[in-house]
Every structure is written in structure tokens, then in C-alpha cells.
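Engineer: give me coordinates for this.
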Amino acid sequence: AVPKPHIISILQDDLGYYDSGIFNPDAAAWSGNITALSKEGIVLTNHYTHWHCSPTRRSFLTGRLPIHHGEQLSGDDTDDIDLRMTWVSGKLKSAGYSCHWFGKMHTGFKSMNHLGHRNGFETNVGSLQTGGAYSGPQHTTRWQDEHPIWNDQQFTNKPPFCAGARAHPAAVSAYTQVEPQCSPADWHNNTLMQSGHLLLFSKVGTPGECCSECSNTSGCTHWVFQPDQISAGTPCHIKAGDAIFKPTGDTNHSVCGKAAGPPPGPPASAACTDEYSTDLWGQLAVQATEQHNTSTDGQLYVHLCFEAVHTPYDKAPGDPTNNVYRGMLWRSDWFVGSLVDTLKAKGMYANTLIVYSSDNGGTVSGINYPLRGEKHSNWEGGMRTAAFVSGGLIPEALRGTTNGVNFHIVDWYATFSYLAGVSPVDDPPVPPITVTGSAAEEAAAAGRTNVYGESSFPAVDGVNVWPMLIEPQSYGIDAAHAQLVLSKEVLIAGKWKLLVSQPHFKSQNSGWKGPDGTWRPPNASETVPCMHQDASPETSSLPIPAPGMLPCLFDLRADPGEHSNVALANPDVVNQLWAALNHSIAYQRDCNGWSYSGANGGAIPGPMQPGQNGTSCSPAAKIGVCQVACSNALWASYGKADGPNCDVPGCNTTSTV
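Structural biologist: Numbering: from 1, shown residues only. Okay, here's the model as predicted:
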């Protein structure tokens, strides 16, 4: 029997497959600790997540695939995790673990009961949303357990090295850096600045990202963002020279602005609360480990979620790399090393499992070589992540090896439960309604059928992968999942990947970014039907291929870069997997509701919400009474009206939703 280990899970944000020493030896120079851990552990070559942030994070916590809670980004006040589900932290707490969550959350917080502190984490400090500016007062709402923190007086058990007094000898305060402040109030809409000379093109998705690119590019004086050039991969023009504004006279949506200056410095009262996010979350993780009493506190579980290397690209304190993006990863890497050192100093490392992964593929400055595409796409570059397991728990004979089983981030739920000695099962009291008919009929009906009703919800999708990790010779690549639904449009089965179309969300680059950061577009044979963008989920429950075309089929073991569509040569495989994907969609669950309007004409599969004339994923009794005005007033008293609106202490007597 495996002794209960200490467990550390680390999520890097938007890290490219090729950005660290896990798959790029040259990157070890700025990711030495991460690289060393990967080489002392088992590198997971086929570890999958969703193609963007929130679904991955919800999947990790609940063990459910994105199609069972939604592929949408979580809003501030959304019911995206069914409150009847037991989180992985709840499982570990039931086994006697001391659980801590630090960093980016972004999983939806309609109710106080959606907070980590109410789901097994005894401490939970992090960002409710994406994070925003890394330091200073422009960050998004930071939260501690049951309340927001906007100044140091509100922040209890602060780490000892805030605001410059860090242990790292090269570190300086984040506030001595010149950080860009890209405010839309300073931009010019439907305007071009055609003067000056071009420094570079950048493929980014928003004007804010273009502004950040300018601010972090030496010599940039102004920038131009032209959304009509996104498909060509050149929407962001980074320029130098005189900035002369030239209104276009139409509504072509061009946006431009000057290089951003530094944001206002933090007030002294928030020196720790407004700390550079990597340093704050990293210090808190180290502090929780230092304070853990192995004699009285049970086993330790730390879930550390860095904001890095997500935009905005804010220079890290003490960055020695002369490259903002690499420096952001370097700063995370330093705290990963500090955490490992602390585990070793306390005699805990020998019985520790570390799981490391990005939440999705890289984008903007990220590189996913040799994979195709990037974040926001259904290509491997958006969903196959740089990941490994390490720590003293890994058998010595397996250190320095790779494992090619098709794993998914949902699998850590069942794996951690197994290692903790508790059941991974988290079934509903009754199964969902069975939808009959052909796969296509089932899927089409799903938009109009409340398959979960008042009493059911999706069961755990993840599986215990520990046996596959420690006895790899006994398992095939499909051992964890005979069929794995990655998104509404993608299903993987062994070596095969069925890809119907690209997400309707944002736009996708369907080429390949090389090690030098240069994009190569697809040639004629690589221009395939599944480059087509899917219809909005409001339009169709089913994934829609390009008109008159079949989905794509790739042999990922022979062709991990997705260069050759072999659908026409394997029609039986296409038909089998397409039917399986459509069948799974009959039981999809979009907790945000965007899939159930328009032509689908249905409602969220879940319980009724009294007084709202609608359904949600969580029962109303679990959500609690919602008093928006009262809760906003309470959170505003801390510094900003931002936080859960339901079951808020002092506001939970009469509903006014």
C-alpha cells in the first residue's frame, strides 16, 4: 500500500509546450527548477486540458470534463460548479489533509459556497478573476477565505517577505519596476497611427494585449491594433517614431495608442496586498509548508496557481533574463525551487507527489512547438500541455522517464483520492434521464431536455492513473480513457483524434510557431476542413463541420503536429468517433447557459431556481439567498463592490435577485 503522501499541484498559466525545459533544453536557463523536477520525475507527453482557463480549473477541482460544467470562462457571479459536487480538496480534507489554495482562481463565485474556503481548503488566498496587473492597485479582486483584501490591514497571516524584503538576493521590490498601465481611456478608436517605422508584428487577440506588447518592447512609442488582420496573423503593429493620429472615417474597429507609462505606485497600506502576484502566491505556498506541523496537521496539500505567464506581460522583480516573458516564468521557477527546498528541509519531500501542468497551451509570446495552433484552438497546441509528476514518491527506476498515456487534468481528482485512501466516487443520488434515438437526435434533443433535473448531476469523469504511472509497461495509451472528449468538437481515442471544427470563441491561428517564435501558415495539403470555426452553441448543440465536409482525423502518434488529415482513408473510424462525440453532447452541461438559448430553445439542465423562472446547475438551497445590493455594499466597504452575491453573511435573509 502507498503511504499517504503530501501533495503539491502547480498550475502555470498559458505556458507553451516549448517554453520551459520540460520539452526545450535551451529553456532550462530560465526554468531550472521546473526542468530539474521534470527530469527527476515522469514527463507526461500527452496530458490534456481545455483550450482556455476556467474550464481547466473547474475540471481539476471537480474531476468532471469541461462538457459537464461548460466551456465558458467563469464570470464573477456565475454558478459554474454544481455545489452538490465534492471538490478534490473536500476528498483530501476527509482523509485528514491540511489543504491550501493560493493564486488564480477564476472558477465562478455566485455564492459564498463556491469559495475554496467552503470546499475543503482551510486557507484560500488568490484572485477571483484572471489577475489583471501583476502588482500595484490595478490587479483584479484578491480574496482571503471569506472576504476581499484591498489593504494589508484586511490581510491576515501575511508572508514575511512582502514588498522587497525577499530572500532572493537578486530580488527588488516589484514597485521599483516600470510596469505598463494599458487603460482603454487612453486609446483611440477607429483611428490609425501610420507614421513611424514598424518594429514588429504580433499576433494577439485584443487591443490591451497589443498595448502590453508595445510597453514591453524596447523602443516602442506607439501601437496599432487592426482586428481585420487577425486571420493573417498581423493584427498588432509595434512601431517607433512620431505618433500622428489619423481617423479612418469609418467603423473598421482599428484601435491605437501610445506606449503606456507606469501605473500609480501602491499605497503603503497595501504593500503586501498589492505585491507582484507570483511573489505573493509563491511566498504563501512556502509559508504554508513551513508552518505545517507534520505531527498534528496530517498530510499537506498545496494547490499553487500562478498568474504567470498570462498577459499583461509585467516585468518580474529581479528578472535576469532581459526578456519579460522568460523572466515571468523565471520568477515562478524560483518559487517552485523554494517550495521544494522547504519540503526537503522539513523532511517531507521523500513522501511528496508534485504534479505540474499548464492550464492550456501557450499564446502571444508562448511557443507550442512542435504542436499546431495555440490557446483558444482545438489543435494540440491549445490543449496538450507541458506537464510532469515528480517528488520523492516517484519510484527511483521511473525518474527521468516519459509516459505517453492519454491523461486529462480531471484524472488528478481520482488519483489524489486514491493516494489519500478515500473513494473517488462522487455520484448523484439518481442518474440523468436517458435520451433515446440516434446519436445526432440525442444531441439535438439535449438543448431542449433537462437531462439532470432536480436531483442528478454529472459523475466524476477522471480515473486513478497511479497504476499507469508506476507500471507503464502494463498499460496502453488509451488505458485511462478509451474515448476522451476534450471539447464540444474534439474526441480522442487511442492514437486517433477526431476534430470537427474550431471553437466559435475568439479566433484561431491554424499554423505552427517554430522554436524562434515565427509562425508558419498551413500549406495546401495542411489546409483542412477542421480549420473552420464552429457555429455558436446558441445556434447548434451539435458541432458543425465545414459545409459539405467531414471532420478531420489525425493519427497523433504518427503525426503529433497534425499535418495530415487521414479522414478519407479511415471512414469507419470517423463515423464511429463522430457518433460517440455526438452522443456525449446529449449529456453536456453548460452551467453558464449560453448553449440553451436561440435555436436550441432550452434551459440549463439542472434544478429550478424559485422566483427566477429558470434553472441553474446548483440547487437554490445550496446557492443561498441572493442580495445583490447588500453584498455589493459589504464588499465595497473593503474597497470595491466585487464578490459573491449569495449566502453572504449579513445579506442572507430575503432574496431580491
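Engineer: where along the stretch 151-300 of the chain do the helices fall?
Structural biologist: Taking DSSP state H, counting those that start in this stretch, the helices of the stretch 151-300 of the chain run over residues 207-215, 277-291.
Engineer: next secondary structure after the longest one?
Structural biologist: This points to helix 277-291. strand 300-305 (DSSP states H and E).
Engineer: check which helices and strands that next one sits against.
Structural biologist: strand 6-12, helix 88-94, strand 98-104, helix 277-291 (3 or more CB pairs under 8 Å, 6 or more residues apart in numbering; DSSP states H and E). No exception for glycine: its C-beta is placed from N, CA and C like everyone else's.
Engineer: helices along the stretch 451-600 of the chain, start to end?
Structural biologist: 466-470, 571-585.
Engineer: using TSV, lay out those together with distance to T221 and mean pLDDT.
Structural biologist: Formatted as TSV, the helices of the stretch 451-600 of the chain follow (distance: least, CB to CB, whole Å; pLDDT from 0 to 100):
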stretch	distance to T221	mean pLDDT
helix 466-470	52	98
helix 571-585	49	94
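Engineer: so which of the helices and strands packed on strand 300-305 is nearest S111?
Structural biologist: helix 88-94 (15.8 Å; CB to CB).
Engineer: which residues does the closest one contact?
Structural biologist: With contacts defined as CB atoms under 8 Å, 6 or more residues apart in numbering, helix 88-94 is touched by 7, 60-63, 99, 101, 116, 119-122, 299, 301, 303, 412-413, 416-417, 420, 422, 424, 426.
Engineer: only the buried members of the residues you listed: can you turn that into a PyMOL selection?
Structural biologist: Command for PyMOL that selects the buried part of the contacts of helix 88-94, burial taken from 16 or more other CB atoms under 10 Å:
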select buried, resi 7+60+61+62+63+99+101+116+119+120+121+122+299+301+303+412+413+416+417+420+422+424+426
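Engineer: keep only those of the contacts of helix 88-94 that are in helices.
Structural biologist: Secondary structure from DSSP state H places 60-62, 412-413, 416-417, 420 of the contacts of helix 88-94 in helices.
Engineer: which one of those residues is nearest V204?
Structural biologist: Distances from V204 to the ones in helices among the contacts of helix 88-94, taken by CB to CB, are shortest for F60, at 26.6 Å.
Engineer: isn't the closest one up against A414?
Structural biologist: No. Using CB atoms under 8 Å, F60 makes no contact with A414, being 11.8 Å away.
Engineer: before we move on, back to that, the helices of the stretch 151-300 of the chain: lowest mean pLDDT?
Structural biologist: For the helices of the stretch 151-300 of the chain, mean pLDDT drops lowest on helix 207-215, to a mean of 79.
Engineer: for it, packing partners?
Structural biologist: Packing partners of helix 207-215 (3+ CB pairs under 8 Å, 6+ apart): strand 197-202, strand 222-225, strand 236-240, strand 255-258.
Engineer: low-confidence ranges, the stretch 351-500 of the chain, go.
Structural biologist: Residues of the stretch 351-500 of the chain that meet the criterion pLDDT under 70 lie in 438-448.
Engineer: can you do 90?
Structural biologist: 433-451 (pLDDT under 90).
Engineer: now the helix ranked longest in the chain, how far from the centre of its chain.
Structural biologist: Using DSSP H, we find that the single longest helix of the chain is helix 324-345. Taking CA atoms, centre = their mean, to the nearest Å, one finds the center of helix 324-345 at 20 Å from the center of the full chain.
Engineer: list the helices and strands it packs on?
Structural biologist: strand 6-12, helix 32-39, helix 277-291, strand 352-358.
Engineer: contacts made by stretch 493-500 with the rest, please.
Structural biologist: With CB under 8 Å, 6+ apart, stretch 493-500 has contacts from 378-380, 406, 476-478, 482-484, 489-492, 530, 534, 543-545, 551-558, 562, 570, 573-574, 577-578, 580-581.
Engineer: what's the answer for stretch 506-522, then?
Structural biologist: Residues outside stretch 506-522 that contact it (CB under 8 Å, 6+ apart): 18, 24, 203, 205, 230-231, 233, 365, 367-374, 376-379, 381-382, 502, 528, 531, 533, 561.
Engineer: list the buried residues for that stretch?
Structural biologist: For stretch 506-522, using 16+ other CB under 10 Å, the buried residues are 506-513.
Engineer: these two touch, right, S59 and Y48?
Structural biologist: No. The criterion here is CB under 8 Å, and S59 misses it with Y48 at 10.0 Å.
Engineer: which neighbours do the two share?
Structural biologist: 408-409.
Engineer: how much space separates A420 from I42?
Structural biologist: Distance of A420 to I42, given as CB to CB, to the nearest Å: 20 Å.
Engineer: what about P320, how many neighbours?
Structural biologist: Neighbour count for P320, taken as other CB atoms under 10 Å: 12.
Engineer: so it belongs to a strand, correct?
Structural biologist: No. Under DSSP: H, G, I helix; E, B strand; the rest coil, P320 sits outside any strand and is assigned coil.
Engineer: how near is it to G327?
Structural biologist: For P320, the distance to G327 - CB to CB - is 7 Å.
Engineer: so what sits against both of those two?
Structural biologist: By CB under 8 Å, 6+ apart, no residue touches both P320 and G327.
Engineer: flag the shaky bits of the stretch 551-657 of the chain, pLDDT-wise.
Structural biologist: Residue ranges of the stretch 551-657 of the chain with pLDDT under 90: 583-588, 590, 592-605, 609-614, 652-657.
Engineer: swap in 50 and give it another go.
Structural biologist: 656-657 (pLDDT under 50).
Engineer: just to revisit the earlier point, would you mark the buried spots in the longest helix of the chain?
Structural biologist: For helix 324-345, by 16+ other CB under 10 Å, it's 324-340, 342-343.
Engineer: ditto for stretch 142-157
Structural biologist: Within stretch 142-157, judged by 16+ other CB under 10 Å, the buried ones are 142-145, 147-152, 154-155.
Engineer: what's the answer for stretch 202-221, then?
Structural biologist: Buried-residue list, stretch 202-221, by 16+ other CB under 10 Å: 202-217, 220-221.
Engineer: just the buried residues of the contacts of stretch 506-522.
Structural biologist: For those, buried by 16+ other CB under 10 Å: 18, 24, 203, 205, 230, 233, 365, 367-374, 376-379, 381-382, 502, 528, 531, 533, 561.
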